[in-house]
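Engineer: Requesting a structural model of the entry that follows:
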Amino acid sequence: MTKYLIIGASAGAVGAVEGIREIDPSGEIIVVSEERIVPYSRPAIGEYLSGKVDETSLSFGLPHFWELNHVKVELGKRAVTVNLQEKKVDLDDGQSLNYSKLLLAPGAKPIVPKIEGIERTEYTPSSISKMQMRLGEAPEDQPNHHRRWWLNRNCGS
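Structural biologist: Numbering: from 1, shown residues only. Coordinates of the predicted model:
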């Protein structure tokens, strides 16, 4: 049986799982994500930050996508080394995962260009975990929309 290992739980990982299941309904699939919730739409993080949607509204696809596709998901973990010869990935918690086929699908990271005259780069929201951490830095006595404004004004990259 083929063992598929997917690093990252981005939209690419979701599409990969769908594609694998079309050609291999019984292969073992493991997805590793440093995020604690998956999958969700990263472009919608701005709407989360503005308070227009909550965390549950960011997800796309079926609520039980991973279970329906018999995928084991390792949340809150990062791949730290990849050994291509041994077909093994080591995670930050000390766990090692072997694979037959590997896909790296960590998603994109925003790029902030240097702009003459602007000395400070504002924080660019790229994950729910990072947003929640940054919101936690905002003054607790403020309503969420004021905390989000504080975040936009005060968090450097």
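Engineer: distance between the ends of stretch 80-88?
Structural biologist: Length of stretch 80-88, first residue to last, Cα to Cα, to the nearest Å: 11 Å.
Engineer: From P25, how far off is the spatially closest residue to D93 that is not a sequence neighbour?
Structural biologist: Spatial nearest neighbour of D93, chain neighbours left out: K77 (5.7 Å); criterion: Cβ to Cβ, 6 or more residues apart in numbering. Yep, even glycine has a C-beta here, placed from its N, CA and C like the rest. K77 sits 26 Å away from P25, taking Cβ to Cβ, to the nearest Å as the criterion.
Engineer: For stretch 103-116, output the C-alpha coordinates as CSV.
Structural biologist: Provided in CSV are the C-alpha atoms of stretch 103-116 (Å, rounded to 0.1, in the frame of the first residue of the first chain):
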residue,chain,number,x,y,z
LEU,A,103,4.1,16.5,-1.3
LEU,A,104,5.3,19.8,0.2
ALA,A,105,2.2,22.1,0.2
PRO,A,106,2.9,24.6,3.0
GLY,A,107,1.0,27.5,1.3
ALA,A,108,2.3,30.9,0.4
LYS,A,109,3.8,33.7,2.6
PRO,A,110,3.0,37.3,1.8
ILE,A,111,5.8,39.5,0.5
VAL,A,112,6.0,43.1,1.7
PRO,A,113,8.0,45.2,-0.7
LYS,A,114,10.4,47.9,0.5
ILE,A,115,8.9,51.3,-0.2
GLU,A,116,11.0,54.4,0.0
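Engineer: Tell me which of K77 and P25 has more neighbours.
Structural biologist: K77 (18 against 9; other Cβ atoms under 10 Å).
Engineer: Tell me if that one really is in a strand.
Structural biologist: No. Remark: K77 does not belong to a strand; assigned using DSSP: H, G, I helix; E, B strand; the rest coil, it is coil.
Engineer: List the contacts of it.
Structural biologist: V32, S33, E34, L91, D92, D93, Q95 (Cβ atoms under 8 Å, 6 or more residues apart in numbering).
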